[in-house]
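>>> Below are the sequence and a predicted model; questions follow.
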Amino acid sequence: MALDAGTTSNRCILFNEKGKICALSKKEFTQYFPKPGWVEHDANEIWSSQYAVAREAMKQLNAKGSQIAGIGITNQRETTIVWDRTTGEPIYRAIVWQCRRTSDYCKELKEKGYTDMIKEKTGLIIDPYFSATKIHWILENVPEARKKANEGNLLFGTVDTWLIWKLTGGKVHVTDYSNASRTMLFNIHTLKWDQDILNLLDIPASMLPEVRPSSYIYAQTDYHLFDGSITIAGAAGDQQAALFGQTCFNAGDVKNTYGTGCFMLMNTGDTPVSSDHGLLTTIAWGIDGKVQYALEGSVYMAGAAIQWLRDELKLIDTSYDSEYFATKVEDTNGCYVVPSFTGLGAPYWNPYARGIITGLTRGTNKCHIIRATLESIAYQVNDVLEAMVLDSKIDLRSLKVDGGACLNDFMMQFQSDICLAPVQRPACVETTAMGAAYLAGLAVGYWRSMDDICAQYHIEHTFTPNKNEEKRTRRLKGWKKAVKAAIILTEDN
Ligand SMILES: Nc1ncnc2c1ncn2[C@@H]1O[C@H](COP(=O)(O)OP(=O)(O)O)[C@@H](O)[C@H]1O
Ligand SMILES: O=P(O)(O)OC[C@H](O)CO
């Protein structure tokens with residue numbers, strides 16, 4: 001059983017030994033935008049919807065808890081939940097990874113010269129994206145929070161930790177290496193919470209969960225939840241789980257997930273590679289007594305930009321329709337959309353950037369804007385890819401893709417044309433959930449080895465690049481100019 005707690009929806013997928021999906025249930029939950037740039041979730045709703053889909057998936061097969069080999073949890077990363085140890089109640093809404101409320105505090109940390117120290121220890125760039133400054137914000141702004149934390153009565157968790165806490169009836173407070181590595185509090189070399197950073201941000205160590213491998217027997221679920229206990233045997237951040245589900249087990253293997261945002265990860269084996277080009281160094285997973293590292297480029301707006309076309313501009317009825325309209329025109333007519341609605345992530349890291357559309361003419365129509373939005377996703381991925389090749393000094397063999405928006409054939413072909421590499425889409429694009437199931441299944445012996453898992457992996461379609469160097473160069477130049485314009489507009493900050 002994979003519990004996949006995403007940014008906009010929670011899913012439960014049951015897989016059989018062949019890695020085939022036998023049951024799937026999905027539920028969207030409420031997004032709160034209390035101020036511009038702020039994003040929150042209700043932690044209790046994250047739990048209730050996750051629990052509801054787990055029950056629903058089991059009902060589809062009439063399954064009992066005792067028939068489930070194990071649970072693997074995978075989650076939107078960095079999102080920060082703080083709750084009262086004694087009541088189990090969150091003291092504030094979950095502050096979502098996309099939330100920019102700590103931009104000024106991050107700026108202050110950078111101005112005080114902490115950038116190198118944080119990067120060396122955590123592999124991360126100081127940014128509101130990560131959990132650390134969100135925890136700090138809660139402690140500073142929620143009444144009584146600081147006092148309760150100092151008394152040892154507050155617990156922090158990312159969504160994996162929260163779900164394990166709820167699944168065990170409030171008994172177990174843990175996380176895994178991959179999630180810990182996204183907090184900006186975890187030393188990715190010593191594999192311990194970093195006391196210097198905790199002191200700097202004034203966060204008591206008593207709030208933090210124990211850190212465990214990603215494939216590991218964590219606990220048993222509370223007996224009453226699923227009519228029998230189930231072993232929780234895996235946990236990993238969703239992007240790392242997708243890397244695992246895509247069988248990117250070797251150094252140099254790369255995957256990109258096209259969901260709400262885009263996240264490209266390259267496995268760098270047992271060596272943490274430090275980036276000189278705006279990427280993050282992160283832990284891929286902990287398994288068999290050691291950790292593997294990855295380079296990551298995080299793009300905040302991908303599928304969410306298509307939702308913007310649908311929900312705010314009302315140019316399309318469904319995300320799926322974007323492909324139909326984009327292919328009604330030959331190109332974007334010189335129009336570029338930079339969907340930096342919540343700032344720019346890798347490799348630019350500008351939390352103040354906001355979205356822009358450039359190159360508008362009297363002839364620009366709805367199809368051009370839709371096409372430019374889809375293309376913007378591929379351009380952002382290409383920016384990250386260029387940085388990754390420079391940092392890793394490894395030429396890209398192929399790009400494995402997954403996530404809801406990778407079903408858009410137009411966008412995948414454009415991606416291949418722009419990055420001049422084959423783009424491979426697997427038969428099962430639910431690789432995040434699959435990765436979590438594999439991690440759990442390996443821990444309980446449901447699958448014996450990573451070779452067994454590789455044997456189950458199949459490519460459904462490979463998009464090969466149409467090479468037109470003149471067109472590609474012109475398009476990339478237009479894109480880079482548009483990004484520059486979005487950045488120039490932030491200069492008052
Ligand atoms: N055919 C499509 N073309 C473009 N975008 C799509 C398409 N289908 C889904 N999407 C986008 O993909 C995202 C959903 O993917 P998913 O992997 O479920 O995201 P998440 O796990 O981040 O919630 C949505 O933002 C949606 O707009
Ligand atoms: O919910 P997703 O799939 O968009 O993933 C969110 C990431 O984990 C944020 O770092």
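Received it, and whenever you're ready, just let me know what you need. Ligands and ions are numbered 1, 2, ... in the order given.
>>> what residues does the chain put near ligand 1?
6-9, 259-260, 303-304, 306-307, 319-320, 322-323, 403-405, 407-408 (Cβ under 6 Å from any ligand atom). Placement of C-beta: from N, CA and C, glycine included.
>>> 5 Å instead?
6-8, 259-260, 303, 306-307, 319-320, 322, 403-405, 407-408 (Cβ under 5 Å from any ligand atom).
>>> which of those tops the neighbour count?
Counting neighbours by other Cβ atoms under 10 Å, residue 306 comes out on top of those with 29 neighbours.
>>> Sticking with it, tell me its helix or strand.
helix 303-311 (DSSP states H and E).
>>> Any idea how far the very next helix or strand once past that helix is from the middle of the chain?
Beyond helix 303-311 in the direction of the C-terminus, DSSP H and E gives the next helix or strand as helix 321-326. Using Cα atoms, centre = their mean, to the nearest Å, the distance from the centre of helix 321-326 to the centre of the chain it belongs to is 25 Å.
>>> Can you give me the neighbour number for the residue lying closest to residue 173 once chain neighbours are set aside?
Leaving aside its sequence neighbours, residue 173 sits nearest to residue 209 (Cβ to Cβ, 6 or more residues apart in numbering; 4.7 Å). Neighbour count of residue 209, defined by other Cβ under 10 Å: 23.
>>> Surely residue 209 touches residue 183?
No. Using Cβ atoms under 8 Å, residue 209 is not in contact with residue 183, being 9.9 Å away.
>>> one step back: tell me the one of the residues of the chain next to ligand 1 nearest residue 396?
Nearest to residue 396 among the residues of the chain next to ligand 1: residue 403, at 18.3 Å, using Cβ to Cβ.
>>> and residue 438, helix, strand or coil?
Recorded secondary structure, residue 438: helix (DSSP: H, G, I helix; E, B strand; the rest coil).
>>> Next, the contact list for it, please.
19, 72, 234, 244, 245, 447, 453 (Cβ atoms under 8 Å, 6 or more residues apart in numbering).
>>> Spell out which helix or strand contains the third one, please.
When secondary structure is defined using DSSP H and E, the element that contains residue 234 is strand 231-237.
>>> Name the residues that touch that strand?
69-75, 77, 158, 160, 164, 167-168, 174-176, 178-179, 182, 212, 214-221, 244, 285, 435-444.
>>> Check which element follows that strand along the chain.
helix 238-245.
>>> on that earlier part again, and the contacts of residue 438, which two are furthest apart?
Once Cβ to Cβ is applied, those give 19 and 234 as the farthest pair, at 14.4 Å.
>>> and these two? which has more neighbours close in?
residue 234 (34 against 20).
>>> Now the spatially closest residue to residue 237 that is not a sequence neighbour: which helix or strand?
Counting by Cβ to Cβ, 6+ apart, residue 237 lies nearest to residue 77, which is 3.9 Å off, once chain neighbours are set aside. Using DSSP H and E, no element contains residue 77; it sits outside every helix and strand.
>>> Next up, the contacts around residue 77.
Each residue near residue 77 by Cβ under 8 Å, 6+ apart is listed here: 97, 158, 159, 178, 179, 182, 237, 238, 239.
>>> on that earlier part again, run through the contacts of residue 438 and flag the ones next to ligand 2.
Applying Cβ under 5 Å from any ligand atom to those, none is adjacent to ligand 2.
>>> Buried only: go through those for me.
Buried residues within the contacts of residue 438, counting neighbours by 16 or more other Cβ atoms under 10 Å: 19, 72, 234, 244, 245, 447, 453.
>>> For residue 367, state which of those residues is nearest.
Distance to residue 367, by Cβ to Cβ, is smallest for residue 245 among those, at 34.3 Å.
>>> about what we covered before: any chance of the buried ones among the contacts of residue 438 in CSV, plus pLDDT?
Listed next are those as CSV, based on pLDDT from 0 to 100:
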residue, pLDDT
19, 91
72, 98
234, 96
244, 97
245, 95
447, 94
453, 91
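>>> Which member of these is positioned nearest ligand 2?
The closest of these to ligand 2 turns out to be residue 245 (Cβ to the nearest ligand atom; 12.4 Å).
>>> rewinding a little: keep only the residues of the chain next to ligand 1 that also lie close to ligand 2.
6, 7, 259, 260.
>>> The third one contacts residue 9, doesn't it?
No. Contact between residue 259 and residue 9 fails when scored by Cβ under 8 Å: they sit 10.0 Å apart.
>>> so what's the residue in the stretch 1-150 of the chain positioned nearest to ligand 2 up against?
Ligand 2 sits closest to residue 7 of the stretch 1-150 of the chain, with a gap of 3.3 Å, by Cβ to the nearest ligand atom. Neighbouring residues of residue 7 by Cβ under 8 Å, 6+ apart: 76, 79, 96, 97, 98, 259, 260, 261.
>>> Turn the residues you listed into a markdown table, including secondary structure and pLDDT.
Converted to a markdown table, these look like this (DSSP: H, G, I helix; E, B strand; the rest coil; pLDDT from 0 to 100):
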| residue | secondary structure | pLDDT |
| --- | --- | --- |
| 76 | coil | 95 |
| 79 | coil | 97 |
| 96 | coil | 96 |
| 97 | coil | 93 |
| 98 | coil | 89 |
| 259 | coil | 90 |
| 260 | coil | 87 |
| 261 | coil | 91 |
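>>> Let's have these in JSON lines, adding distance to residue 315.
Listed next are the contacts of residue 7 as JSON lines, based on distance: Cβ to Cβ, whole Å:
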{"residue": "76", "distance to residue 315": "27"}
{"residue": "79", "distance to residue 315": "29"}
{"residue": "96", "distance to residue 315": "26"}
{"residue": "97", "distance to residue 315": "27"}
{"residue": "98", "distance to residue 315": "22"}
{"residue": "259", "distance to residue 315": "21"}
{"residue": "260", "distance to residue 315": "19"}
{"residue": "261", "distance to residue 315": "21"}
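>>> Give me the phi and psi angles of residue 461.
Backbone torsions for residue 461, taken as degrees, to the nearest 10, come to phi -150, psi 140.
>>> list the contacts for it?
For residue 461, counting by Cβ under 8 Å, 6+ apart, the contacting residues are 412, 424, 425.
>>> okay, the residue lying farthest from the centre of the chain: pLDDT?
Distance from the centre of the chain peaks at residue 362, with 38.2 Å (Cα atoms, centre = their mean). Residue 362 carries a pLDDT value of 96.
>>> Helix or strand: which one has it?
Under the criterion DSSP H and E, no helix or strand holds residue 362.
>>> Check residue 432 too.
Per DSSP H and E, residue 432 falls inside helix 431-444.
>>> Same question for residue 421.
Counting by DSSP H and E, no helix or strand carries residue 421.
>>> Isn't it up against residue 400?
No. Between residue 421 and residue 400 there is no contact under Cβ under 8 Å: 10.7 Å.
>>> In terms of neighbours, single out the busier of these two.
residue 400 (25 against 21).
>>> Quick one: classify that one as helix, strand or coil.
Applying three-state DSSP: residue 400 is strand.
>>> Lowest average confidence across helices and strands of the protein, where is it?
In the chain, no helix or strand scores lower on mean pLDDT, DSSP states H and E than helix 450-455, which sits at a mean of 90.
>>> Any chance you could list what contacts it?
Applying Cβ under 8 Å, 6+ apart, the contact partners of helix 450-455 are 19, 247, 249, 438, 442, 447.
>>> which of those sit farthest apart?
For the contacts of helix 450-455, the maximum inter-member distance is 14.9 Å, found between 19 and 249 (Cβ to Cβ).
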